[in-house]
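Enquirer: fold the following, please.
(2 chains)
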Amino acid sequence: MTAPSEKRLEELRDKAWKDGVVPGKGVDVAGGPIPRKPGYYGQPIVKPPVWTWEIPLYFFFGGMAGMSAVIASGAIVFHHVDLARAAMWLAAIGGAVLSPILLIMDLGRPHLFLNMLRVFKHRSAMSMGAWILSAFGACVVPGLIAFELRSHQIFPGGLDQLLRIAAGILIFGAAIFGTLLATYTGVLIGATAIPAWFLHRTLLPIHFGTAGLGSAAAVLELLGHRIPALNFLGFYAAGVETALLIWLSVDKHGVADRAIHEHGSGWLIRIGEVLNGPLAIALRFFSFIPLAAISFLLGALISRIGWIAVGKVSGSDPESVFAAERY
Amino acid sequence: MIGEGIQSTNQRKHSYVQDRVEVGFFTDPSVCIGCKACEVACKEWNHVPDDGFIWSGNSYDNTGHLGASTWRHVMFLEQDRPKGNQVTGSMGLLPNPQSAIQDPQSEDPFRWVFLSDVCKHCEEAGCLEACPTGSIVRTEVGSVLVQNDVCNGCGYCVVSCPFGVIDRRPEPLHDAGGAFKCTFCYDRQKSGLVPACAKVCPTESIVFGRLDDLRARGVKRIEELRQQGFNDAQIYDPTETSVRGIHAFFLILGEPEAYGLPPKPQVPTIYLKSAWSSAFATAIASIIATLVAFAFFS
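Expert: Model (predicted):
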């Protein structure tokens, strides 16, 4: 069998024989100039992330689920029972079903996923994330069950009172772990060796958390809960995202974070931020609420995909790593 | 040292693991001949699968970069600088060959440098800090080891290594899915053997031994080389950064960038404080925004 590289060698030899020169890669012949690629033959200095499509989707659903639990808590405090139920279902499906499935799918050895809970390491954002997701699931699922049991009035008197307290505590717990679930992902990629990520470690948790809050509000609006409170949250999230778009275009680091401003990865970031920032605000301003919600959701998803793409581009770029050392 | 025979630390049996002595590698390109015996020995001893049969065209280096299935990597640098007092070029054709010897810079200078790259076994290791399963541990001899049966392949160590050493092994290679890197031949060391790469190195370009001895040896070697005209010889050991030094350190000729080594590597845990502060602030802001929404817009 001829290996593909052997075939390539044959091709190069044929070409050299025919034309006298070979312009292809890897034929800097004696007497030619010494190649001047950055670093060592342009090889990456750090390793780009190995994560595939599951991770940006997890960022999207995890953020939405986490912040949905916050909205559920607010709705309970202010007696919006239907909204609270929808938000709890959203939180449970996103945080206790989709998120773990996506995370386990991305593992190189999915059958060992429980090893995530072998240790508790506060200096590892991945370990903290695994515990946050577990704690969120442990609150949101029983919280939802208690909530549903109570609203169907299955148990009488004293037991019902107990359920009420349990549901309250669990939903409140889900809200606290939910805010962390939506924001820790920014820490996760911010505290790495990838230049375009660690240079924006302050921006990332704000972006991921706020996109989560806006996404939760948008899905609940699309489910028919058209109340002013959710509209306000839509404005708030899109406003923060617009501010982040401005921040990103001002806080440039030249070569060090060029993956955010150039290449396809740069376009993903820009399109995502426009969709969940200025466009979502404009649509909401003119009361096109379903369109605003869809625009925000699309933006939140595309910018998550964009940030992983940025990591792949930035991590493969040796000049970015050298340039980032100045900051 | 050359001439020490079986008394060299590269050849004699030891009990560093039992004695809990910090050990290291000192890799010296000034004596490396680019034979790649270290790459071969590493693959054979550790059963590391092949890392592709790609013709890179980058000098004699078809290995590319360290990775999940590349634990030693011999670099081949082609630089237009003299190697010590070496005179390159077509001396016979020169009108006055003596002038070239007196001033090597005046000739067309060229050097071919070989350096065997390896996991640095950092004092503050990014991969070890990042690992959520506790699979990556510090051994008795101060090296950083991935416990293969514990790793679930989350891939977080890959983006946390400031040197781009560790990687997840893809399908369809044997034992795919987990993260892999140099083990410092921990299994050999436990039995008093020297790591495979150092054991086979024919010129002792790779030296294995006590870390403090190796550091002293590095300083001495730099002095020797300077006397022989290697003006740009230096030790690459980032002790001044948050990595706080590496256990597998190098002597390099010229700038670290040319070897794909970051001049100021940082362990990513230094970014945690600002990132978590931002996360907590966002969490609180989101709760306040939700309460405001329901309190004033219902």
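Enquirer: burial measure for the residue of the stretch 101-250 of chain A found nearest chain B, as a count.
Expert: Residue of the stretch 101-250 of chain A nearest chain B, by Cβ to the nearest Cβ: residue A:108 (2.1 Å). For glycine as for every other residue, the C-beta is placed from the backbone atoms N, C-alpha and C. Residue A:108 has 20 neighbours, counted by other Cβ atoms under 10 Å in any protein chain shown.
Enquirer: and it, backbone torsions?
Expert: Here is the backbone geometry of residue A:108 (degrees, to the nearest 10): phi -70, psi -30.
Enquirer: which parts of chain B belong to which domain?
Expert: B:5-61+B:74-118+B:185-266, B:268-298 (automatic domain parsing).
Enquirer: right, is the first one up against chain A?
Expert: Yes. With Cβ under 8 Å from any Cβ of the partner chain as the criterion, chain A is reached by domain B:5-61+B:74-118+B:185-266 at B:53-58, B:61, B:75, B:77-80, B:257-266.
Enquirer: ok, back up a step: mean neighbour count, the domains of chain B: which tops it?
Expert: Mean neighbours per residue, mean count of other Cβ atoms under 10 Å in any protein chain shown, is largest over those for domain B:268-298, with a mean of 19.
Enquirer: okay, now residue 173: neighbour count?
Expert: I went with chain A, as the question did not name one. Counted by other Cβ under 10 Å, the residues lying close to residue A:173 total 19.
Enquirer: not quite, I wanted chain B
Expert: Residues lying near residue B:173 (other Cβ under 10 Å) number 16.
Enquirer: next up, phi/psi of whatever residue of chain B ends up closest to chain A, please.
Expert: In chain B, the residue that lies nearest chain A is residue B:57 (1.4 Å; Cβ to the nearest Cβ). With angles defined as degrees, to the nearest 10, residue B:57 sits at phi 80, psi 0.
Enquirer: ditto for residue B:58
Expert: With angles defined as degrees, to the nearest 10, residue B:58 sits at phi -90, psi 90.
Enquirer: quick one: it from residue A:290, how far?
Expert: Here the criterion is Cβ to Cβ, to the nearest Å. By it, residue B:58 lies 55 Å from residue A:290.
Enquirer: same deal with residue B:281?
Expert: Plainly put, residue B:281 is 31 Å away from residue A:290 if you go by Cβ to Cβ.
Enquirer: one more: residue B:266?
Expert: Using Cβ to Cβ, we find residue B:266 at a distance of 46 Å from residue A:290.
Enquirer: and residue B:175, how many neighbours does it have?
Expert: For residue B:175, using other Cβ under 10 Å, the count is 14.
Enquirer: residues in contact with the residue of the stretch 101-250 of chain A closest to chain B?
Expert: Neighbour list for residue A:108: A:50, B:151, B:152, B:153, B:154, B:155, B:168, B:169, B:176, B:177, B:178, B:179 [criterion: Cβ atoms under 8 Å, 6 or more residues apart in numbering or on different chains].
Enquirer: quick one, strands of the stretch 101-250 of chain B?
Expert: Secondary structure of the stretch 101-250 of chain B by DSSP state E, counting those that start in this stretch: the strands cover B:111-118, B:136-138, B:144-146, B:167-168, B:179-180, B:206-210, B:233-236, B:248-253.
Enquirer: now those strands in JSON lines, with mean pLDDT?
Expert: Below are these laid out as JSON lines (pLDDT from 0 to 100):
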{"stretch": "strand B:111-118", "mean pLDDT": "94"}
{"stretch": "strand B:136-138", "mean pLDDT": "96"}
{"stretch": "strand B:144-146", "mean pLDDT": "97"}
{"stretch": "strand B:167-168", "mean pLDDT": "96"}
{"stretch": "strand B:179-180", "mean pLDDT": "96"}
{"stretch": "strand B:206-210", "mean pLDDT": "95"}
{"stretch": "strand B:233-236", "mean pLDDT": "95"}
{"stretch": "strand B:248-253", "mean pLDDT": "95"}
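Enquirer: for residue A:218, find the nearest of these.
Expert: For residue A:218, the closest of the strands of the stretch 101-250 of chain B is strand B:167-168, at 34.3 Å, according to Cβ to Cβ.
Enquirer: so where do the helices sit in chain A?
Expert: For chain A, helices defined by DSSP state H occupy the ranges A:4-19, A:54-77, A:81-92, A:99-106, A:125-151, A:157-190, A:195-198, A:203-222, A:228-250, A:258-261, A:263-274, A:280-285, A:289-315, A:318-324.
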